[in-house]
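Trainee: Curious how this folds, go ahead:
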Amino acid sequence: LALLRNDKEETLYEGVKRLGPGHLLVIEESNVRIEKYWEISEQSRELSFNNEEYAEVFRDKLKEAVKCRTRSNTPIASQLSGGLDSSFVTALANECTENESIHTLSLIFSESKSCDERDYICKVTDKIDSIEHYIDIDQYGPLENIEKIYKYQDDGIANANHYSFWEMFAEANNQGVRVVLDGLDGDTAVMHGLLYLRKLASHFQWKSFYSEARKLAYVHANAEYRQEFIETISDPDKIFWQFGFPIIEEAAAQSNFTQVLRHIYNIKNNSITDSVEVIKRIWRRTIAPHNLVKMRDKKREKELYRDKLRYIKKSFLEDHNIIEKYSKRNYRNFVSNDVRATQAHQYRSGSVTTQLEKANHYAAAWKLENRHPFMDTRLLSYCLSLPPEQSLSNGWTRAIMRRAMRGDVPRAIRKRPGKARMSANFSRGLFKNDREKLEAILSNPGTLSDFVDIRFVKSRYMWVRKVFEEKGVVPDNEAIRLCRIAALGYRLREIENS
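Mentor: Numbering: from 1, shown residues only. Reported below is the predicted structural model:
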């Protein structure tokens, strides 16, 4: 539920609200009102550049975003993970601070080798004038400093990777750094562009759809790291069911069977999708008798409860109508065939606001200012003006940025289709380093039991712990939910004690 926070005003505390970004609180003698004074604007989509020109403008705008954020009378540091975003920001920051070395802050993993990306980090630092700092995050756990963190992060919600930021900022403080750059939300700024596939399908451009799907699968089939979305886009057939089929399903739901037949006619000759299976699914999902549709909806609601909301106490779910709120307020439910419309919606979502607020709180705790070049409004407006092909092209996601990085970032990083998963480190931190703290809050939950089904959580924890002891890693969603439950428990305990 924390990740679905799409309201920019609500807080954990009844009667206390946040002031949303781009808003003024105006207090007058007779009334109090809130006014919006700024919102991100989309440029006119009349740009007509070639690929290299688009990339050149992108680089110029990002460099300016970095340059204006390197103003400081103390040393500058840049987070460096070896991924696309942090590598590009670090390289440009090095260029903008010609007369002094830039500090880099990188996480390393002495035990969780599958998470370690030092090879990519060193490819960047070998090219720049830097002072490197490495934090062995395997020595910490997500609950280790939770009480300290809650002195600054008072909303009771901790991100899954909050402890890595905490330790990284602590190291920056120790080194006398006061300004830290990051690559926060470069994914949203540039977009992977996968919704471009929906646009192709909706315009009956199935030949182009399958061409891009094959290239996408080719690029990602042998990716070094296998996140869930990498698995999906490594198979042309999975790509169709994820991005193509929903377009046909929507047409059927609107009883536009002329469009449905046209779609099926266009896809039947390809060697990837079974058109007979398409017809079967259309029947089952949209044309079947009304009672079957009702059964389907009820099944989906049960699946939602079982998969995502099972940990929450049933009476709390019912009293606060959580399932309906969950469905309506999840910003991910916004679906458009327009890449840029979706991008603009994500910018305006409460999720981005929450990320920025949390990053600021963690940094402030260590007397730092955290600056985010990818959140520069000039850059964001430019990105909203780009054709969708600049995000997805020839099988490469975030294509414009990969082109813009040439000459600044090593090819090995520019051509990375994926990134390391932190699952092994998170599992180790929670179930080994923080095991006692986790079990302590489950044994004595206090008011936490008003919100979560403690009996179910305990039984789930025993199963997850067994999986960890056998395999050394557990599914991300299970570990993260248990961590969030424990973190909330400690925050509630602190409130009770005070």
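Trainee: Spell out, range by range, the strands that occur in the stretch 1-150 of the chain.
Mentor: 23-27, 32-36, 76-79, 102-108, 130-136 (DSSP state E, counting those that start in this stretch).
Trainee: Do a quick rundown of the helices in the stretch 301-450 of the chain.
Mentor: Ranges of helices within the stretch 301-450 of the chain are 314-319, 322-329, 339-347, 350-365, 377-383, 399-404, 411-414, 423-428, 435-443, based on DSSP state H, counting those that start in this stretch.
Trainee: which secondary structure elements does the fourth one contact?
Mentor: So the one you mean is helix 350-365. helix 162-174, strand 369-371 (3 or more C-beta pairs under 8 Å, 6 or more residues apart in numbering; DSSP states H and E). (Glycine included, C-beta is placed from N, CA and C.)
Trainee: Just confirm residue 267 contacts residue 204, I think it does.
Mentor: No: contact criterion C-beta atoms under 8 Å: residue 267 and residue 204 do not qualify, at 9.8 Å.
Trainee: more neighbours, those two?
Mentor: Neighbour totals were compared for residue 267 and residue 204, and residue 267 leads with 23 against 16 (other C-beta atoms under 10 Å).
Trainee: so where's this protein uncertain?
Mentor: 1-6, 42-46, 156-159, 225-228, 271, 287-308, 325-335 (pLDDT under 70).
Trainee: just to revisit the earlier point, which one of the strands of the stretch 1-150 of the chain is the most hemmed in?
Mentor: strand 76-79 (a mean of 26; mean count of other C-beta atoms under 10 Å).
Trainee: contacts for it?
Mentor: Applying C-beta atoms under 8 Å, 6 or more residues apart in numbering, the external contacts of strand 76-79 come out as 70, 86, 89-90, 93, 97, 100, 102-106, 133, 168, 172, 175, 177, 179-183.
Trainee: how does it look with 7 Å?
Mentor: With contact meaning C-beta atoms under 7 Å, 6 or more residues apart in numbering, strand 76-79 is reached by 70, 86, 89-90, 93, 97, 102-105, 168, 172, 177, 179-183.
Trainee: again, but for stretch 455-462
Mentor: By C-beta under 7 Å, 6+ apart, stretch 455-462 touches 310-311, 442, 482, 485.
Trainee: swap the cut-off to 6 Å and go again
Mentor: With C-beta atoms under 6 Å, 6 or more residues apart in numbering as the test, stretch 455-462 has contacts from 311, 442, 482.
Trainee: Could you tell me how many residues sit around the closest residue to residue 165 other than its chain neighbours?
Mentor: Spatial nearest neighbour of residue 165, excluding adjacent residues (C-beta to C-beta, 6 or more residues apart in numbering): residue 362 at 4.8 Å. By other C-beta under 10 Å, 23 other residues sit near residue 362.
Trainee: Contact partners for residue 362?
Mentor: 165-166, 169.
Trainee: Format those as TSV; extra columns: distance to residue 453.
Mentor: As requested, the contacts of residue 362 are exported to TSV (distance: C-beta to C-beta, whole Å):
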residue	distance to residue 453
165	30
166	29
169	35
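Trainee: how far out from the middle of the chain is stretch 115-128?
Mentor: 23 Å (C-alpha atoms, centre = their mean, to the nearest Å).
Trainee: Tell me which residues of it come out buried.
Mentor: 115-117, 120-121, 123-125, 128 (16 or more other C-beta atoms under 10 Å).
Trainee: before we move on, back to that, of the contacts of stretch 455-462, which is the nearest to residue 137?
Mentor: Using C-beta to C-beta, residue 482 comes nearest to residue 137 of these, at 18.8 Å.
Trainee: and the closest residue to residue 336 other than its chain neighbours, how far is that from residue 7?
Mentor: Residue nearest to residue 336 in three dimensions, not counting chain neighbours: residue 342, with 4.9 Å by C-beta to C-beta, 6+ apart. In this view, residue 342 and residue 7 are 20 Å apart by C-beta to C-beta, to the nearest Å.
Trainee: okay if I get the helices and strands packed on helix 350-365 as JSON lines plus distance to residue 233 and mean neighbour count?
Mentor: Below are the helices and strands packed on helix 350-365 laid out as JSON lines (distance: least, C-beta to C-beta, whole Å; neighbours: other C-beta atoms under 10 Å):
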{"stretch": "helix 162-174", "distance to residue 233": "27", "mean neighbour count": "21"}
{"stretch": "strand 369-371", "distance to residue 233": "31", "mean neighbour count": "21"}
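Trainee: Could you dump these into CSV and include distance to residue 321?
Mentor: Formatted as CSV, those follow (distance: least, C-beta to C-beta, whole Å):
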stretch, distance to residue 321
helix 162-174, 29
strand 369-371, 36
